[in-house]
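Peer 1: Have a look; sequence and predicted model below, questions after that.
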Amino acid sequence: MPEPSNPLEPGSPEEVKPKVVKPKKDKREKLFTQEFPLVLTASPHDMNVASTPKIMWSVTAALVPSVAMGLYYFRWQALWLVLVCVGCALLSEAAVNGLRKLPFTIGDGSAALTGLLLALTLPPGLSLVSAGLGSVFAIVIGKQIFGGLGYNIFNPALLGRAFLQASFPVALTTWVFPHTAKYAGIDGLGAATPLGLLKFEQTSTSYLDLLVGNIGGSVGETSALAILAGGIFLLIKRYADWRIVVSFLGSTAAFGGLVWLFNPTGYPDPLFHLLSGGALFGAFFMATDMVTSPVNPIGSWIFGCGCGVLLVVIRVFGGLPEGVMYSILLMNGVTPLINRYTRPKYMGEL
Amino acid sequence: MKLFTFKKGIHPKDQKKQTSGKAIEVAPLPKEVFIPLNQHIGKPAIPVVKKKDVVKTGQLIAKADGRFSANIHASLSGTVKNVGLFMHPMGSRVPMVHIVAGEFEEEWQLLPHPEDWKTASPEELLEVVFQAGIVGLGGASFPTHIKLAPPADKPLDVFLLNGCECEPYLTCDHRMMLDRADEVLDGMLILMKILGLKRGIIGVENNKLDAVLLLRERIKQRGETLEVVKLKTKYPQGAEKMLISAVLGRHVPEGGYPLDVGCVVNNVGTALAIAEAVTQGKPLVERVVTVAGSGIEDPKNLLIRVGETFGNAILASGGLTPDALQVYMGGPMMGMAQFDLQVPLVKGTSGVVAVNHVAEQHNKIYPCIRCNACVSACPVHLLPNRLFRFTEKGMPQEAHSRGLMSCVECGACVFVCPSSIPILQWIRVGKFKINNQPKEA
């Protein structure tokens, strides 16, 4: 720093008056006594390094094990599904940005994440046209209609899947077995998920197959171990709210167990509830979506418990074998209410 | 050993290593000083000197305008060159007294003070505090004599001495506790005597364990009954409401003061200033300022005169590094960025921090993704995400009903926000709108 040689000279020596004197323009030049102007910002001037794109890409990274298992079990079908869903999501995001004349938001990673999440919840045999439609719906109707990232009410990926479920109910419940499955093709055409097998054919599946994912099911939902690996990474990085994961899985096990006690042969046991279908995937990756889950800690517990109980109700008493999607979407709808009624008392509130 | 703290809060890097090991140095005497007439909350003082007057160090140059104000003393022996408007570090032009050092040697004018404070009456001591123009040195600059004269209907039971210093970089309170522990304790006992309190607690964060141990040892040697509590290092523990919550578990009501929950909080620096005023008759004309940060060549703690310019304080610490970008008054969390280094240090300046980077915050703002980081950080348990959204949409009243005015402006929400949203800045906009709305007839 150079010697601050020219002390600030006042405009003119004045008596003290409660009057604001605006510095004249030529005087203002003299305020910069340094070689360079100092940067002015409003406090706080310090912040940590987390950023929204980093969160999005970290969640995407946490999905890598699930994608890898999907590719291993379903080969080309899974690969094309993932590519089409992610591609359509990015394209439709860019298209909406272009139409609204807003800066492109592809870089924040949320569109790619939505596409990937959608692909991982679809049956591997689904036609690519349907998958692409679902992806476009997820981005355009699920997210951008509300104003883009941060403003959507429902989880876009699940909304896209719900749209496909309503539009192509048969295709969405037509499963294929992995290449490695030993009981492939009872009738050669349709396979079934473990939950479907249990519900409609009273056939149980071994826990080992459920863990490694050697079963019929959606691309990314079959392998419990892969989901756990990614999910624990998210919990450690604190990108997923542990309260939601714990309450979701806990209430599923507890309520599922209660129901199971009444009819141990017909209904799935708690562990089966957790490992089958999309329960783990939903708990770690779908329910913990920050935008559509409650903000307050108590709200998170309510949200997670609601998801778990609804899940068991749909699975056990509903017409569908699987209920993760609808249970989370329903609770997404209730989230604003939860937020309103769980506002914490601030310090000193009268 | 129990570690006290408050709920929520954040953990910025404390960055205190630069200066925490360096004893307080006495800065060279300034050649000229600019002494603002409002260095405190309340009415500005009324100047009692005019141009060309010769003043001694410690001489009264502006007297308090009523009780809700504070006296101001010359911090330099010399001639009053001017009484006029100059830049204040808070960013506006305010009336100041400009004193230029004389040819003669420095001469002190001390205040009348009691022979021995232990036998003096509380009223007498309070009068010394008032005459010495002592204000809170933690940053808020609340006139101390008002805190010390609580209304009779508010029973007090405990005195808290704030040694948290939770802002990154700042170590002036830490060094005062280490280098001048006895005077700090004297000041605390004087404060407790004025208030008639028996129970006194010093709260120190556990990144200053040496200060905790030293204070405990001194208290033991002197046979006093003061307590020193260790607090978990967390920001913003030094805010008085957070400190009360951490140590006593009491919550100051909205719009209230610590005396509403039976306590008075003072800063370590204030206690030291009071000890000097009462035992030596020295008015508040100098204070310890931390000059530190990545933009300072030789960071140190300086005992420096009020009214000395930022530029000279930085020069006394080796000057700015060539890549320095920002200079703040105070720490990086709540400090005020400066654009002109000719502004004077005031009574409430605890640090001059210069850094060679500008926070990422000011690059790109993403939408709020309701990640609840700000909610888990807010020490007042507000919902910063809602408050900023309401203000942004022009609904400050909605934010007001959700506790907008309780915000302590600590900046924890902005610190943690992954989307770099200027939450606190929006909250300030909201507060401004609420404070300036037309009154209903």
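Peer 2: It's in.

Peer 1: The nearest residue to B:Leu214 once chain neighbours are set aside: neighbour count?
Peer 2: In this structure, B:Leu214 finds its nearest non-sequential neighbour in B:Ala181, 5.5 Å apart by C-beta to C-beta, 6 or more residues apart in numbering or on different chains. Heads up, the C-betas are built off the backbone N, CA and C, glycines and all. Residues contacting B:Ala181 under the criterion other C-beta atoms under 10 Å in any protein chain shown number 18.

Peer 1: Quick check, B:Ala181 in contact with B:Leu213.
Peer 2: No. In this structure, B:Ala181 is not within contact of B:Leu213 by C-beta atoms under 8 Å, at 10.5 Å.

Peer 1: May I see the buried residues of stretch B:297-315?
Peer 2: Neighbour-count burial for stretch B:297-315 flags B:297, B:299-315 (criterion: 16 or more other C-beta atoms under 10 Å in any protein chain shown).

Peer 1: helix or strand for B:Leu303, which one?
Peer 2: strand B:300-305 (DSSP states H and E).

Peer 1: do the same with B:Leu191
Peer 2: Assigned by DSSP H and E, B:Leu191 falls in helix B:181-195.

Peer 1: For chain B, give me its nearest residue in chain A.
Peer 2: A:Pro44 (3.0 Å; C-beta to the nearest C-beta).

Peer 1: okay, the closest residue to that residue other than its chain neighbours: pLDDT?
Peer 2: Distances taken as C-beta to C-beta, 6+ apart place B:Gly411 nearest to A:Pro44, at 3.0 Å, with adjacent residues excluded. With respect to pLDDT, B:Gly411 has a value of 90.

Peer 1: how many neighbours does B:Gly411 have?
Peer 2: When counting by other C-beta under 10 Å, one arrives at 27 neighbours for B:Gly411.

Peer 1: quick one, what contacts it?
Peer 2: A:43-44, B:333-334, B:424 (C-beta atoms under 8 Å, 6 or more residues apart in numbering or on different chains).

Peer 1: Do stretch B:366-379 and chain A come into contact?
Peer 2: Yes. Judged by C-beta under 8 Å from any C-beta of the partner chain, stretch B:366-379 comes into contact with chain A at B:366-373, B:375-376, B:379.

Peer 1: one step back: whatever helix or strand comes next after the helix holding B:Leu191 - contacts with which helices or strands?
Peer 2: Heading C-terminal from helix B:181-195, the first helix or strand you meet, by DSSP H and E, is strand B:200-205. Contacts defined by 3 or more C-beta pairs under 8 Å, 6 or more residues apart in numbering or on different chains; DSSP states H and E place strand B:200-205 against strand B:158-163, helix B:181-195, helix B:209-222, strand B:227-231, helix B:240-248.

Peer 1: then strand B:200-205 to PDB, C-alphas only?
Peer 2: Coordinates of each C-alpha in strand B:200-205 appear next as PDB, following Å, rounded to 0.1, in the frame of the first residue of the first chain:
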ATOM      1  CA  GLY B 200     -20.400 -13.000  37.800                       C
ATOM      2  CA  ILE B 201     -19.700 -15.400  34.900                       C
ATOM      3  CA  ILE B 202     -17.100 -15.000  32.200                       C
ATOM      4  CA  GLY B 203     -17.900 -16.900  29.000                       C
ATOM      5  CA  VAL B 204     -14.900 -17.900  26.900                       C
ATOM      6  CA  GLU B 205     -14.900 -20.100  23.800                       C
END
